[in-house]
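Participant: how would this look folded up:
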Amino acid sequence: RSEYGFALRQNRPNPFNPVTSISFEVPAGGADVRLRVYDVSGRLVRTLVNGHRPSGTSSVTWNGDNDQGQRVASGTYYYKLETPSYTDVKKMVLLK
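Facilitator: So this is what the prediction gives:
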């Protein structure tokens, strides 16, 4: 947990196929949150969360689809939690 009260957890399961769960914590009062998945080249693959989240633990799932609804290739991906005062990135692996 950061000094701001945010935390990004490691996805589970990891490696995953076909679905993984990503959880994060938001401090009291809630916050505007963006959670996005990127490929190893830094290209945006999928936006999972983009908006206000209440305080507490939130969990979202990713099924390996991109923003166009197409399955992405096996490999390493990064997920990034961004708020006005906190950013964190973690790595996950999709195996098919």
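
Participant: use CA for all of it now, contacts and neighbours both
Facilitator: Will do.

Participant: Quick check on the residue located most distally from the centre of the chain: phi, psi?
Facilitator: The C-alpha centroid of the chain is most remote from residue 29, which lies 20.7 Å away (C-alpha atoms, centre = their mean). Dihedral pair for residue 29: phi 90, psi -10, per degrees, to the nearest 10.

Participant: so what's it closest to, chain neighbours aside?
Facilitator: Nearest non-adjacent residue to residue 29, counting by C-alpha to C-alpha, 6 or more residues apart in numbering: residue 55, 5.8 Å away.

Participant: circling back to that earlier point, and the residue farthest from the centre of the chain, how far is that from residue 53?
Facilitator: Counting by C-alpha to C-alpha, to the nearest Å, the gap from residue 29 to residue 53 is 9 Å.

Participant: What of residue 22?
Facilitator: In terms of C-alpha to C-alpha, residue 22 sits 14 Å off from residue 53.

Participant: any weak-confidence spans in this structure?
Facilitator: 1-4 (pLDDT under 70).

Participant: sorry, back to before: the residue farthest from the centre of the chain contacts residue 52, correct?
Facilitator: No - Residue 29 is beyond contact range of residue 52, at 10.2 Å (criterion: C-alpha atoms under 8 Å).

Participant: For the chain, which segments are assigned as strands?
Facilitator: Per DSSP state E, the chain carries strands over the ranges 7-8, 20-26, 31-39, 44-53, 56-62, 75-82, 87-94.

Participant: and among those, the most buried is which?
Facilitator: Ranked by mean neighbour count, the strands of the chain are led by strand 7-8 with a mean of 21 (mean count of other C-alpha atoms under 10 Å).
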